[in-house]
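[1] pasting a predicted model and its sequence here:
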Amino acid sequence: MNLDSAGLLILTRQQCLELLSLTPVGRIVFTDRALPSVQPVNFLLDGQSIVIRTASASKLAAATRDAVVAFEADDIDVTTRTGWSVTAVGHATAVTQPHQIQRLATLPLIRWAPGGQDHYIMIHTEQISGRRLT
């Protein structure tokens, strides 16, 4: 059992991916007009990649095309003061190949926000880390 300097349990890459598969909402951190921006999104895991569905004309779609982004998801119980947090960093790409779009369209990823849902963003997780508070 590896603990960090604050006494939190350090999670392995596999544990981080398993936890990401359990929650439908996370936060993507991207650059918008040279400033950091954070947006909550629903997502799902496709292998080791994070997939987000949005409108092709959205600010998120434009800002994440071929960009390095961060992604964070967590599950915290404030009553018991337990939970976990996972952060991933990777390149975000627009999915443009028709066969990939067709495959992703079969996944249970329904955008919660109103508006178009015609654009998929895939974040290839190059770095991933997590901590658990027990």
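    Done, it's in. Numbering: from 1, shown residues only.

[2] longest strand in the protein, by residue count?
    When the chain is parsed with DSSP state E, its longest strand is strand 119-133.

[3] pretty sure Ala94 sits against Tyr120.
    Yes - contact criterion CB atoms under 8 Å: Ala94 and Tyr120 qualify, at 7.3 Å. (Each C-beta comes from the backbone N, C-alpha and C, glycine too.)

[4] Ala92 bridge partners, please.
    Counting by DSSP bridges, Ala92 forms beta bridges with Ala67, Ile123.

[5] residues contacting it?
    28, 30, 64-69, 121-123 (CB atoms under 8 Å, 6 or more residues apart in numbering).

[6] compare Ala94 and Tyr120 (neighbour count), which wins?
    Each of Ala94 and Tyr120 has its neighbours counted (other CB atoms under 10 Å); Tyr120 has more, 23 against 14.

[7] just give the closest residue to that one, not the sequence neighbours.
    Val95 (4.0 Å; CB to CB, 6 or more residues apart in numbering).

[8] next one, pLDDT for the one you found please.
    At Val95, the model reports a pLDDT of 95.

[9] ok so, going back, buried members of the contacts of Ala92 into ChimeraX, please.
    Selection of the buried residues among the contacts of Ala92 in ChimeraX, burial being defined by 16 or more other CB atoms under 10 Å:
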select :28,30,64,69,121,122,123
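
[10] just flag the most distant two among the contacts of Ala92.
    Farthest apart among the contacts of Ala92 by CB to CB are Ile28 and Asp66. That separation is 14.7 Å.

[11] I figured the residue nearest to Tyr120 hits Leu104, correct?
    Yes - under the criterion of CB under 8 Å, Val95 makes contact with Leu104 at 6.2 Å.

[12] name the residues contacting each of the two.
    Joint contacts of Val95 and Leu104 (CB under 8 Å, 6+ apart) are Tyr120.

[13] off-centre distance for the helix or strand harbouring Val89?
    Using DSSP states H and E, the element containing Val89 is strand 82-94. The chain centre lies 5 Å from the centre of strand 82-94; the measure is CA atoms, centre = their mean, to the nearest Å.

[14] so what touches the next helix or strand after that strand?
    Scanning forward in sequence from strand 82-94 by DSSP H and E, the next helix or strand is helix 98-105. Here helix 98-105 makes contact (CB under 8 Å, 6+ apart) with 46, 51, 53, 95, 120.
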